[in-house]
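Enquirer: The following comprises the amino acid sequence and a computationally predicted model.
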Amino acid sequence: VHLSTGDMLREAVRKGTPLGKKAEGFMAKGELVPDELIVGLIEAKVSDGELSHGFVLDGFPRTIPQAESLKQMLTGHEMQLDRAVLFMVSDEEVVRRLSGRWHCPVCQTGYNYPSQMPNVAGKCDKDNAVLQRRPDDDENVVRNRLGVYKRQTAPIVDYYRKESILSEIPGEGHPDTVYQALLKAVDLR
């Protein structure tokens with residue numbers, strides 16, 4: 001099961017759930033959603049048994065308290081993390097990638113300027129809909145998110161290094177090369 005906390009939060013915002021309403025303000029500013037909200041999302045999935053056959057967490061945990069809560073939660077369900085993966089990407093590449101993201105609101109096809117552009121600027125190749133971007137992909141918000149990452153998330157690298165489950169993978173370069181490094185890191189080759 002692939003669990004993207006970002007996708008889960010955006011869905012909650014879109015649906016106007018109580019969690020979504022609480023999270024929306026933090027997300028719009030590029031700030032981290034408070035731990036108790038994220039931990040609650042993941043705990044519901046663990047409690048429902050949705051993760052009992054394996055899972056990949058994408059965007060969680062982002063803080064040491066989240067990592068500690070996750071470990072405690074998983075231990076209570078006789079589960080554990082096997083691997084934490086860090087994709088190493090320069091700040092400027094992160095800004096370029098995220099601030100260049102656009103998507104079709106109709107078919108959800110994603111585009112990225114300049115690496116994966118539509119045939120007609122601003123229009124979806126599949127249905128000609130006007131492309132949109134997430135508010136948190138604005139360059140200033142992305143730069144703020146990087147600052148938040150350095151202050152609040154970067155310490156988790158040492159946490160997982162001490163847990164002896166951290167794999168660091170170069171995240172720039174050809175996607176196939178990055179993918180092969182990921183497979184090797186998680187022993188799937």
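Expert: Happy to help now that I have it.

Enquirer: how many neighbours does the closest residue to E168 other than its chain neighbours have?
Expert: Of all residues not flanking E168 in the chain, L86 sits nearest, at 4.8 Å (C-beta to C-beta, 6 or more residues apart in numbering). For glycine as for every other residue, the C-beta is placed from the backbone atoms N, C-alpha and C. Neighbour count of L86, defined by other C-beta atoms under 10 Å: 16.

Enquirer: For the protein, give me the ranges with low pLDDT.
Expert: Applying pLDDT under 70 to the chain flags residues 188-189.

Enquirer: mind redoing it with 50?
Expert: For the chain, applying pLDDT under 50 flags the ranges 189.

Enquirer: coming back round to it: now name the helix or strand holding the residue nearest to E168.
Expert: Assigned by DSSP states H and E, L86 belongs to strand 84-88.

Enquirer: and the helix or strand following that strand, which residues are buried?
Expert: As assigned by DSSP H and E, the chain's next helix or strand after strand 84-88 is helix 91-99. Neighbour counts over helix 91-99 (16 or more other C-beta atoms under 10 Å) mark V94, V95, R96, R97, L98, S99 as buried.

Enquirer: What's the first helix or strand after helix 91-99?
Expert: Scanning forward in sequence from helix 91-99 by DSSP H and E, the next helix or strand is strand 101-103.

Enquirer: Quick check: end-to-end length of stretch 59-67?
Expert: 12 Å (C-alpha to C-alpha, to the nearest Å).

Enquirer: Now find how far off-centre it is within its chain.
Expert: 11 Å (C-alpha atoms, centre = their mean, to the nearest Å).

Enquirer: can you give me the helices in this structure?
Expert: Remark: helices assigned in the chain by DSSP state H are 5-15, 18-28, 35-47, 64-76, 91-99, 139-148, 155-162, 175-185.
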